[in-house]
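Undergrad: below are the sequence and a predicted model; questions follow.
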Protein chains: 2
Amino acid sequence: MERYVCGDCGHIYYSNPKVVVGSVVTHENKILLCRRAIEPRKGFWALPAGFLEENETPEDGAKREAKEEATCDIMLDGLLAVYSIARLSQVQLFYRARLAAPEFAPGTESLEVALFAWEDIPWTELAFPSVHWALNYYRETKDRDVFRPGSNPPS
Amino acid sequence: MERYVCGDCGHIYYSNPKVVVGSVVTHENKILLCRRAIEPRKGFWALPAGFLEENETPEDGAKREAKEEATCDIMLDGLLAVYSIARLSQVQLFYRARLAAPEFAPGTESLEVALFAWEDIPWTELAFPSVHWALNYYRETKDRDVFRPGSNPPS
């Protein structure tokens, strides 16, 4: 395993997988998506999501990302799915959520934020595979109170 | 936010939350526990668990930890719980699992590995709070096929 070692002090910097937290946020049966203002996949639509920070719970991280990317307050409603992108060393946790108030606006990392009815989702302009997975699993489980969290589709 | 910067090259080393993966492994209605040979909590009993590595899926990580700590092969049976230890910047994923064969032995990080009936679990000698949480949630859900993954108890 390759490790970074500081040339000055010899401190070893372990390289670890990263945790991504995000949510499928709904309001009146529509789903909130953000059009990315930053790379990777600038201009494509994604769920509000991003890297979990130090000393933050995943739930707080998902709320913070919604606030940062869509300037909205959300209420979480349980874990939707856990996806693993081993190639990128990412573990992604997605939650079901609702808008706490019908107010949102693009944050600095978003070009645009909008609510989409299912049939209007811009499927060909989604940023990442896990956006597809989470949307479809949300759709599959949305009327269930208890369900297994989703995981990567068979590859 | 404090960041490590290499004195030689200026590379910034981001400090990120860490992912712990583990499992509640059962065999003939008994639960496998490992007595820790290393700090923290040397001498106390824990579930086979440890840090997820780069480019590893959480499921593969849970299997690897069981192999390393208890020299056993396990079959996973779904996500049991997601715990968050914000103070330590840890996200812990626990799976339900079964021994693939009735064979186990202490790995280098374990003093002892044993199967415990529920009433024989050494509750006062468990290593970490999340071992308690995962064991109790396993017990609560063990006869259910579909359930919500467990989360931290109310603090």
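TA: Sure, I can see it. Note that this is a predicted model, so its numbers are computed, not measured. Residues are numbered from 1 along each chain as shown, chains lettered A, B, ... in the order given.

Undergrad: so does the strand of greatest length in chain A get close to chain B?
TA: In chain A, assigned by DSSP state E, the strand with the most residues is strand A:74-85. Yes - legend: contact between strand A:74-85 and chain B by CB under 8 Å from any CB of the partner chain is shown at A:G78, A:L79, A:V82, A:S84. Just so you know, the C-beta spots here come from the backbone N, C-alpha and C atoms, and that holds for glycine as well.

Undergrad: looking at these, which one is closest to chain B?
TA: Top of the list for closeness to chain B, among the residues of strand A:74-85 next to chain B and by CB to the nearest CB, is A:S84 at 4.3 Å.

Undergrad: show the buried residues in the residues of strand A:74-85 next to chain B.
TA: Neighbour-count burial within those applies to A:L79, A:V82, A:S84; the criterion is 16 or more other CB atoms under 10 Å in any protein chain shown.

Undergrad: now tabulate the residues of strand A:74-85 next to chain B in JSON lines and tack on distance to B:P149 and pLDDT.
TA: Compiled in JSON lines, these are given as follows (distance: CB to CB, whole Å; pLDDT from 0 to 100):
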{"residue": "A:G78", "distance to B:P149": "9", "pLDDT": "96"}
{"residue": "A:L79", "distance to B:P149": "6", "pLDDT": "98"}
{"residue": "A:V82", "distance to B:P149": "8", "pLDDT": "98"}
{"residue": "A:S84", "distance to B:P149": "15", "pLDDT": "98"}
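
Undergrad: over to A:V91. Which of the three states is it?
TA: Look at A:V91: counting by DSSP: H, G, I helix; E, B strand; the rest coil, its state is strand.

Undergrad: so it makes contact with B:L52?
TA: Yes - in terms of CB atoms under 8 Å, A:V91 counts as a neighbour of B:L52; the distance is 7.0 Å.

Undergrad: identify the contacts common to the two.
TA: A:P17, B:V19, B:P58 (CB atoms under 8 Å, 6 or more residues apart in numbering or on different chains).

Undergrad: kindly report the residues of chain A close to chain B.
TA: A:1, A:4, A:6-9, A:11, A:13, A:15-19, A:51-60, A:78-79, A:82, A:84, A:86-87, A:89, A:91, A:93, A:146-149, A:151.

Undergrad: show the buried residues in those residues.
TA: A:6, A:15-19, A:52-53, A:56-60, A:79, A:82, A:84, A:86, A:89, A:91, A:93, A:147-149, A:151.

Undergrad: can you tell me which of the residues you listed are in helices?
TA: Taking DSSP state H, the ones among those that sit in helices are A:P58, A:E59, A:D60.

Undergrad: any idea which of those is closest to chain B?
TA: If you rank these by distance to chain B using CB to the nearest CB, A:P58 comes first, at 5.7 Å.

Undergrad: contacts only, for that closest one.
TA: A:V19, A:V21, A:L52, A:L93, A:Y95, B:V82, B:S84, B:V91.

Undergrad: picking that back up, contacting residues around the longest strand of chain A?
TA: Strand A:74-85 is contacted by residues A:23-25, A:59, A:62-63, A:66, A:90-100, A:130, A:133-134, A:137-138, A:141, A:149-152, B:57-59, B:79, B:82, B:93, B:148-149, B:151 when judged by CB under 8 Å, 6+ apart.

Undergrad: can you do 6 Å?
TA: A:25, A:59, A:63, A:66, A:91-98, A:100, A:130, A:134, A:137, A:149-150, A:152, B:57-58, B:149 (CB atoms under 6 Å, 6 or more residues apart in numbering or on different chains).

Undergrad: same question, stretch A:102-117
TA: Residues from elsewhere that reach stretch A:102-117, judged by CB under 6 Å, 6+ apart: A:27, A:30-35, A:37-38, A:68-72.

Undergrad: what count of nearby residues applies to A:L47?
TA: Residue crowding around A:L47 was assessed by other CB atoms under 10 Å in any protein chain shown; the count is 28.

Undergrad: OK, contacts around it?
TA: Contacts of A:L47 were listed using CB under 6 Å, 6+ apart, and they are A:G22, A:V131.
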